[in-house]
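1. this one's sequence-less:
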């Protein structure tokens, strides 16, 4: 029974609980970024950036 109450297992258990708690907080505190998926429903459309290639450098 004394091995269970040793400082190292207690520290490991505390560290695991802190990591799990931070993960749960991070998942609960952030909202999913769904702007790209919901924009067409609102009638908004994102335009793609223009591609400007210098065709003089590419000889066929």
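-> Cool, the structure landed. Everything numeric in this text was worked out from a predicted model, so none of it was measured. Residues are numbered from 1 along each chain as shown.

2. in this structure, which helix is the longest?
-> helix 7-29 (DSSP state H).

3. count the neighbours of residue 30 for me.
-> Here the count is done by other C-beta atoms under 10 Å, and residue 30 has 8 residues near it. The way it works is simple: take the backbone N, C-alpha and C, and place the C-beta from them, glycine included.

4. let the chain start at 13 from now.
-> OK, 13 is where the count begins now, so the last one is residue 42.

5. now it: how far from residue 56?
-> Applying C-beta to C-beta, to the nearest Å, the value for residue 42 to residue 56 is 23 Å.

6. residue 27 versus residue 21, what's the distance?
-> From residue 21 to residue 27 the distance is 11 Å (C-beta to C-beta).

7. and the pLDDT for residue 65?
-> With respect to pLDDT, residue 65 scores 65.

8. swap in the one 3 residues further on?
-> Per-residue pLDDT puts residue 68 at 62.

9. check residue 13 too.
-> pLDDT, residue 13: 53.

10. with residue 29 instead?
-> 97.

11. burial of it, as a residue count?
-> 10.

12. before we move on, what about the one 10 residues further on?
-> Applying other C-beta under 10 Å, we find 8 residues neighbouring residue 39.
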